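# Below: sequence and its predicted model.
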Amino acid sequence: MSQTPNPTVREVNFDGLVGPTHNYSGLAHGNVASMTHEGLVANPREAALQGLEKMKSLMDAGYAQGVLPPQQRPDLGALRALGFTGSDARVLARAAEEAPQVLRAVCSASSMWTANAATVTPSVDAPDRRVHFTPANLQSSFHRYLEPATTGRVLASMFRDERFFAHHPVLPSTPAFSDEGAANHTRLAGDHGEPGVHLYVYGRQAFGGDGVEPKRFPARQTLEASQAVARQHGLEASQTVFAQQHPEAIDAGVFHNDVIAVGNGPVLLYHEYAFRDEQGTLDALRARMASPLIPVRVPVEAVSLDDAVASYLFNSQLLSNPDGTMTLVVPGECQEREAVWRCLQDHLLAGNNPIAEVVVKDVKQSMRNGGGPACLRLRVALSDEERAAVSGRVLLDDALHGELTAWVERHYRDRLAPADLADPALAHETLTALDELTRLLKLGSVYPFQL
Ligand code: SUG
């Protein structure tokens, strides 16, 4: 194996910039927030500014921060593929009349949740010493199945230098290989630059298995998909652990592992109901890790599954500080649930673990669709050399933050209801905004309308 530590490696969080069509369409079955908030009037401008504020404050606190652009929505190409013809306005009008659910799906700004964009393996773990990427097929829902083509182009454009970066094809878009990306993948290691162990959490097994699966809501990730990603990236059995998610958690609204667990470095913060076989999962991690695992377990008596889902306590970002401590970035909703807030103070902060600080972030616009702080970011651990090889202007600094904020203020609406999605002016506004954005981010042509 080719693993030697690289001390210059740091985690860069690439947050998804919320797109101009952010709205509440209730598209995600099994995602309680999305199902409950269907039909509300969204504020895309506020959503994008909340995201940018989170990025800026983490950058100011010294964490490396990047940005990923939103996708082209409405996806008129998808509507045309489904048989709607004529001018753009005609296509939109007909879809609104004949297939309103389809129109809603092709307008979703769901690419903002970049934890689902791809699975990433840092170079320190890969046999060829390159960073590996596989865009997630997101085939569980139509609105998200539309993402991987553009995601692949964006990642290939940003991580263009073949000396450092390797890109793999999206897995076959079929239920057996259902893949939701990094939201079901956690890398554990003594430090980001040290060789790590990859924990893949799946909801169901497509071929064989014992049939123990959720009964109410769909399991979005299969074992077979996770295994295929690990294989693409060249990982060996000694570097991987595959664990089934607890079916009861999925049925309570935990549609991704990152809604019930978060890991960073050697720390795994998780709920008692995160894994079907809790002890087996911890044992398997311990057997493979070079540094001691630090499990931080939250029992169901402290935080119920309902509280975990409503507060998104586990959809937090757990970030490493230079002094060895960690900071937990939680959504504002954690303050609204007494049991959760108490757990944060008495159990997590006061406990014997590296978590030394809790930072609260308001990402309510995204939260109403089931996307907390951790959903909004794709983690890419990069060495100094690899960071310098990133193409485009996607690593955040004050100037870029200022320009993106001004760009949002120039182009975004502050009100968007599902009924507004057929407005041809919205499609036009979005194209104008995205064309400007690709120039700002120096990404080249990544959108269908530019190809
Ligand atoms: O796939 N919501 C997303 C939320 C994804 C959160 N990501 C992570 N947990 N990593 C989803 O369920 C709702 C869109 C709508 O209803 O309009 C939505 O797609």
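Looks like it came in fine.
# Kindly tell me how buried residue 193 is, as a neighbour count.
20 (other Cβ atoms under 10 Å). All C-beta spots, glycine's among them, are computed from the backbone N, C-alpha and C.
# SS state for the residue in the chain sticking out farthest from the centre?
The C-alpha centroid of the chain is most remote from residue 86, which lies 35.4 Å away (Cα atoms, centre = their mean). Classification of residue 86 using DSSP: H, G, I helix; E, B strand; the rest coil returns coil.
# what's the pLDDT at it?
Note for residue 86: predicted pLDDT of 98.
# Against residue 87, how distant is the nearest residue in space to it that is not next to it in sequence?
Closest residue in space to residue 86, ignoring its immediate chain neighbours: residue 94 at 7.4 Å, by Cβ to Cβ, 6 or more residues apart in numbering. Noted for residue 94: a distance of 10 Å to residue 87, by Cβ to Cβ, to the nearest Å.
# Which of those two has more residues huddled nearby?
Ranked by neighbour count (other Cβ under 10 Å), residue 94 and residue 87 place residue 94 first, with 17 against 9.
# Going by secondary structure, the more buried one is in what exactly?
Assigned by DSSP states H and E, residue 94 belongs to helix 88-98.
# roughly how far out does that helix sit from the chain middle?
31 Å (Cα atoms, centre = their mean, to the nearest Å).
# so what does it touch, helix or strand wise?
Judged by 3 or more Cβ pairs under 8 Å, 6 or more residues apart in numbering; DSSP states H and E, helix 88-98 is in contact with helix 76-81, helix 100-107, helix 424-441.
# again, only using 6 Å
helix 76-81, helix 100-107 (3 or more Cβ pairs under 6 Å, 6 or more residues apart in numbering; DSSP states H and E).
# so residue 15 bridges to which residues?
Beta-bridge partners for residue 15, by DSSP bridges, are residue 67, residue 377.
# Around it, how many other residues sit close by?
25.
# and if you look at residue 308?
30.
# Quick check: phi and psi at it.
When read as degrees, to the nearest 10, the backbone of residue 308 gives phi -60, psi -40.
# Stretch 21-33 and the ligand in contact?
Yes - Stretch 21-33 is in contact with the ligand by Cβ under 6 Å from any ligand atom, via 24-28, 31.
# any idea of the mean pLDDT in that stretch?
Computed over stretch 21-33, the average pLDDT equals 97.
# can you check stretch 333-345 too?
Rounded mean pLDDT across stretch 333-345 is 98.
# Also stretch 286-300?
Across stretch 286-300, the per-residue pLDDT values average to 98.
# Can you give the contact residues for that stretch?
Stretch 286-300 is contacted from outside by 190, 197, 238, 266-269, 271-272, 282, 285, 353, using Cβ atoms under 6 Å, 6 or more residues apart in numbering.
# Could you list which of those also contact the ligand?
Within the contacts of stretch 286-300, nothing lies near the ligand by Cβ under 6 Å from any ligand atom.
# and the host helix or strand of residue 65, anywhere near the ligand?
Element membership for residue 65, per DSSP H and E: strand 64-68. No - counting by Cβ under 6 Å from any ligand atom, the ligand has no neighbours in strand 64-68; the shortest distance is 13.5 Å.
# quick one: that strand to chain centroid distance?
Centre-to-centre, strand 64-68 and its host chain are 13 Å apart (Cα atoms, centre = their mean).
# Report the mean confidence score over it.
Rounded mean pLDDT across strand 64-68 is 98.
# name the helices or strands packed onto that strand?
So strand 64-68, by 3+ Cβ pairs under 6 Å, 6+ apart, packs with strand 10-16, helix 44-60.
# Residues contacting it, please?
Outside strand 64-68, the residues touching it (Cβ under 6 Å, 6+ apart) are 10, 12-17, 55, 58-59, 114, 394-396.
# Point out the most buried one among the helices and strands packed on helix 88-98.
Of the helices and strands packed on helix 88-98, the one with the most neighbours on average (mean count of other Cβ atoms under 10 Å) is helix 100-107, at a mean of 21.
# what angle separates that one from helix 88-98?
What separates the directions of helix 100-107 and helix 88-98 is an angle of 130 degrees, with axes from the mean of the first three to the mean of the last three Cα atoms, to 10 degrees.
# quick one: is helix 100-107 near the ligand?
No - using Cβ under 6 Å from any ligand atom, helix 100-107 stays clear of the ligand, coming no nearer than 7.0 Å.
# could you check the angle helix 424-441 makes with that helix?
Going by the same axes, to 10 degrees, helix 100-107 makes 20 degrees with helix 424-441.
# Now do the contacts for the residue nearest to the spatial centre of the chain.
Closest to where the C-alpha atoms of the chain average out (Cα atoms, centre = their mean) is residue 115, at 1.3 Å. Counting by Cβ under 6 Å, 6+ apart, residue 115 touches 182-183, 258, 375.
# do that again at 10 Å, thanks
13-16, 136, 180-185, 256, 258, 315, 371-379 (Cβ atoms under 10 Å, 6 or more residues apart in numbering).
# Run through these and flag the ones next to the ligand.
183, 256, 258, 371, 375.
# Check for me that the fourth one belongs to a helix.
This means residue 371. No - assignment of residue 371 by three-state DSSP gives coil, placing it outside any helix.
# ok, so of the ones next to the ligand among the contacts of residue 115, who is nearest residue 233?
If you rank these by distance to residue 233 using Cβ to Cβ, residue 183 comes first, at 16.7 Å.
# From residue 312, how far out is the closest one?
For residue 183, the distance to residue 312 - Cβ to Cβ - is 12 Å.
# Can you check which residues contact both of the two?
With Cβ under 10 Å, 6+ apart as the test, residue 183 and residue 312 both reach 258-259, 374-375.
# quick one: contacts for the nearest residue to residue 78 once chain neighbours are set aside?
Leaving aside its chain neighbours, residue 78 sits nearest to residue 106 (4.9 Å; criterion: Cβ to Cβ, 6+ apart). Counting by Cβ under 10 Å, 6+ apart, residue 106 makes contact with 21, 72-79, 82, 84, 91-92, 95, 99, 142-143, 146, 421.
# Out of those residues, which end up buried?
21, 72-76, 78-79, 84, 91-92, 95, 99, 142-143, 146, 421 (16 or more other Cβ atoms under 10 Å).
# just to revisit the earlier point, from the contacts of strand 64-68, pick the one nearest the ligand.
residue 114 (8.4 Å; Cβ to the nearest ligand atom).
# I am assuming that closest one contacts residue 55, so please confirm or correct that.
No - taking contacts as Cβ atoms under 10 Å, residue 114 lies outside contact range of residue 55: 11.6 Å.
# For the closest residue to the ligand within the stretch 301-450 of the chain, which non-adjacent residue is closest in space?
The nearest approach of the stretch 301-450 of the chain to the ligand comes at residue 375, 3.3 Å away (Cβ to the nearest ligand atom). Counting by Cβ to Cβ, 6+ apart, residue 375 lies nearest to residue 113, which is 4.2 Å off, once chain neighbours are set aside.
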